[in-house]
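K.L.:
Model the following, please.
(2 chains)
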Amino acid sequence: MVLKIDKTDAPMEARGILTQFGSNIIHEDLNFRLTRGEIVGLVGGSGTGKSVLMNTLLGLKEPEGGVIRYFGYNRHELTSEQRFELNTQIGVLFQGGALFSSLTVRENIMVPLREHTDLPVKLMRELADMKIHMVGLPPQAATLYPSDLSGGMKKRAGLARSLALDPEILFLDEPTAGLDPVGANAFDELILGLREAMDLTVLLITHDLDTLYTTCDKVAVLVDKHIAIVDTLPKVIAYDHPWVQEYFGGPRSRAALSAGKT
Amino acid sequence: MSSNSNSRPPEYELTQSGRVVTFRAKGPWTLRDIGAIDEDLTEKLDAMDYDTVQYDVADVSELDTAGAYMFARAVRMGAGQCHEWDVIAGSAGQRTLVQAAADAVMGRPPDPTRQWYDSLTNMGRASERFFLESIDTIAFIGQFFVVLFKMLLRPRTIRWKSVVALTEEIGLNAAPIVMTLCFFIGAVIAYLGANLLSTFGASVFMVDLVGVSVLRELAPIITAILIAGRSDSAFTAQIGAMKMRQEIDAMTVIGLDTFEVLVVPRALACLISLPILTFLGMMSGIFAGMLIAWLGGLDISPILFFARLNEVVELKQFWIGMAKTPFFAIIIALIGCRQGLAVTGSVDSLGARTTTSVVQAIFAVIAVDAVFALFFFQMGI
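P.N.:
Here you go, the predicted model:
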């Protein structure tokens, strides 16, 4: 059965998620919902399980309880073909880039294209080159191997690969960490541009306060094993929780906020 | 981006007035749709001569970066030079996409080209690499001995903890497999000898055959080859993975000598393990020979077997076998560590280096054994 994707449905919805490693509970009764076309920034202290949550949402880790729905479909109940189909709608940028080290950057970006489309190879190559340019890599980077790239370049190449299929939902794990401020700003603008054109839904795990202020429509706070609040930034800042107050009340946050306002 | 099969192909219309081409597009222009029109559009654009493109994308129902790229390609194609483009109709989002794609078209990397002399270049590179590799290996061995002697002068600097742990892994854990293998080899030699020699009515000579071959050659070389395969791959993979994760760099910066921390303990562990393993292998091989002699239809009792063994096989044979083991140990440890340290960032290089390491080690063990055989023969031992 072909998966019919109704774009008006919520792209992703998680209900009552329970994740634990042994007796160590990471998330308990976690509810989270993405609305189409929104860029949501996920913040939380180190070790609160932001990356674990992303892996759970992606299906890399089965939760011990709860349901995850994509476009109204319970991921767990889909056949493997349908899941394959669903995966074309999801792009992921892992923390370290997770590039295939035996392939060049261009070939890395062509992997999803080869797997999911039947375009002529020449066109695939050109599309890959375009993605390379879009994420701000120099054209020569196309023929380099990941081991020849710097940390920031790897991240960009990883982003290019996650955008290869023009997905509906984009998961970004610390995308601007390791980029210089100029590159980080360009990246923020790129995400905004893509969202505008394609109604991208983006979940962004980040510690970069500038990105939170300039890019994100909403901010989700992962604290006390669940998502405490998902709302616009001013409301989150006003939220009464010691960790949230500390996070947004710090000097770095105030600097970013005043920079964002001017 | 809706599911593929049922969607109509994208439509377009190219109209030229003067040097300006108007590109009017309709329907879905996404990754799934553009494959159908790629060739056609390329041909049409190539045939035209223009220097400005105007895009009218107001009627495009769906657009993604791949679709935008198809528009933007018009800037690069065409017979003349085209440097100007403009989106005359379309939403802000569509504009952003076409803008991004058009920018990308401008900075395309040059296609890699192959030259007729590439194979010569490769040959030259390979020769150069072989030469450099030889120098590096010799330098590596030299550096190892310098560090080893420095450490032997100050035994406190030797990391005994890791030497013991590695000895357990290389020696103790390999003992069962070494003994089993030598048992089989001893049994095979005993059977072969018994069969051949019984035709001359001299089957008791099989004791000589088993004794000499197992002590002098088979046990040392089987053990060395086994450890070369078993531990060399482990050395290369461990050190290679550390190299890939910059652990080696971290060690250097902190002031740890990689030779002291990684290479010397492995070499010492091999130096301790290999003679013991070889001894175990010898015992197991002789034992197998004895069993075959006793139960294999020759009726040579264990008492007779050992009496004969004592009489004809000199202790010298045992020492010849044992004398080779330290050399094998050093070869195995150094090749494994050297290949591990030569790993670069990619997974491919880790795989290639591990293969090289095992092949080189087994090759070197057999080659050195041949040199020893020649040496002992010439010396009349």
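K.L.:
burial of residue B:283, as a residue count?
P.N.:
Per other C-beta atoms under 10 Å in any protein chain shown, the neighbour tally for residue B:283 reads 16. To be clear about C-beta, it is placed using only N, CA and C from the backbone, and glycine gets the same treatment.
K.L.:
did I read that right, it in a helix?
P.N.:
Yes: Residue B:283: assigned to a helix according to DSSP: H, G, I helix; E, B strand; the rest coil.
K.L.:
all helices of the chain, in order?
P.N.:
Using chain A here. Remark: helices assigned in chain A by DSSP state H are A:50-58, A:80-87, A:105-116, A:121-134, A:151-162, A:181-198, A:209-214, A:233-238, A:242-249, A:251-261.
K.L.:
To clarify, I was referring to chain B.
P.N.:
B:38-47, B:65-76, B:92-106, B:118-153, B:160-170, B:175-198, B:206-213, B:219-244, B:247-254, B:258, B:264-295, B:302-312, B:315-341, B:347-379.
K.L.:
Just name whatever secondary elements the last one is in contact with.
P.N.:
Contacts defined by 3 or more C-beta pairs under 8 Å, 6 or more residues apart in numbering or on different chains; DSSP states H and E place helix B:347-379 against helix B:219-244, helix B:315-341.
K.L.:
and what of the third one?
P.N.:
Helix B:92-106 sits against helix A:121-134, helix A:181-198, strand B:52-63, helix B:65-76, strand B:84-89, with contacts defined as 3+ C-beta pairs under 8 Å, 6+ apart.
K.L.:
can you check the longest one too?
P.N.:
If you count contacts as 3+ C-beta pairs under 8 Å, 6+ apart, helix B:118-153 packs onto helix B:264-295, helix B:315-341.
K.L.:
what's the closest of the helices and strands packed on helix B:347-379 to chain A?
P.N.:
Of all these, it is helix B:219-244 that lies closest to chain A, at 8.5 Å by C-beta to the nearest C-beta.
K.L.:
and the closest one, which residues are buried?
P.N.:
For helix B:219-244, the neighbour count (16 or more other C-beta atoms under 10 Å in any protein chain shown) marks B:219-228, B:230-237, B:239-240, B:242-244 as buried.
K.L.:
Report how many residues lie close to the spatially closest residue to residue A:69 that is not a sequence neighbour.
P.N.:
Leaving aside its sequence neighbours, residue A:69 sits nearest to residue A:13 (C-beta to C-beta, 6 or more residues apart in numbering or on different chains; 4.6 Å). Neighbour count for residue A:13, taken as other C-beta under 10 Å: 18.
K.L.:
Tell me which of the helices of chain B lies nearest to residue A:31.
P.N.:
With C-beta to C-beta as the criterion, residue A:31 lies closest to helix B:92-106 of the helices of chain B, at 30.7 Å.
K.L.:
in that closest one, what counts as buried?
P.N.:
Within helix B:92-106, the residues that qualify as buried are B:93, B:94, B:95, B:96, B:97, B:98, B:99, B:100, B:101, B:102, B:104, B:105, counting by 16+ other C-beta under 10 Å.
K.L.:
That one versus strand B:84-89: what angle between them?
P.N.:
Compare the direction of helix B:92-106 with that of strand B:84-89 by axes from the mean of the first three to the mean of the last three C-alpha atoms, to 10 degrees and you get 160 degrees.
K.L.:
just to revisit the earlier point, export the helices of chain A to JSON lines and append columns for mean neighbour count and mean pLDDT.
P.N.:
Below are these laid out as JSON lines (neighbours: other C-beta atoms under 10 Å in any protein chain shown; pLDDT from 0 to 100):
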{"stretch": "helix A:50-58", "mean neighbour count": "20", "mean pLDDT": "86"}
{"stretch": "helix A:80-87", "mean neighbour count": "15", "mean pLDDT": "83"}
{"stretch": "helix A:105-116", "mean neighbour count": "20", "mean pLDDT": "87"}
{"stretch": "helix A:121-134", "mean neighbour count": "22", "mean pLDDT": "84"}
{"stretch": "helix A:151-162", "mean neighbour count": "24", "mean pLDDT": "84"}
{"stretch": "helix A:181-198", "mean neighbour count": "18", "mean pLDDT": "78"}
{"stretch": "helix A:209-214", "mean neighbour count": "21", "mean pLDDT": "84"}
{"stretch": "helix A:233-238", "mean neighbour count": "15", "mean pLDDT": "84"}
{"stretch": "helix A:242-249", "mean neighbour count": "15", "mean pLDDT": "84"}
{"stretch": "helix A:251-261", "mean neighbour count": "12", "mean pLDDT": "68"}
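K.L.:
List, one by one, the residues from the stretch 1-150 of chain A near chain B.
P.N.:
Within the stretch 1-150 of chain A, the positions lying close to chain B (C-beta under 8 Å from any C-beta of the partner chain) are A:2-5, A:7, A:85, A:89, A:101-102, A:113, A:117-120, A:123, A:126-127, A:129-134, A:138-140, A:142-143, A:145-148.
K.L.:
which stretches of chain B have low pLDDT?
P.N.:
Filtered on pLDDT under 70, chain B yields the residue ranges B:1-8, B:76-83, B:104-113.
K.L.:
How is it divided into domains?
P.N.:
As assigned by automatic domain parsing, chain B contains the domains B:11-106, B:132-379.
K.L.:
Let's have the ones you listed in JSON lines, adding distance to residue A:249.
P.N.:
Converted to JSON lines, those look like this (distance: least, C-beta to C-beta, whole Å):
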{"stretch": "domain B:11-106", "distance to residue A:249": "35"}
{"stretch": "domain B:132-379", "distance to residue A:249": "36"}
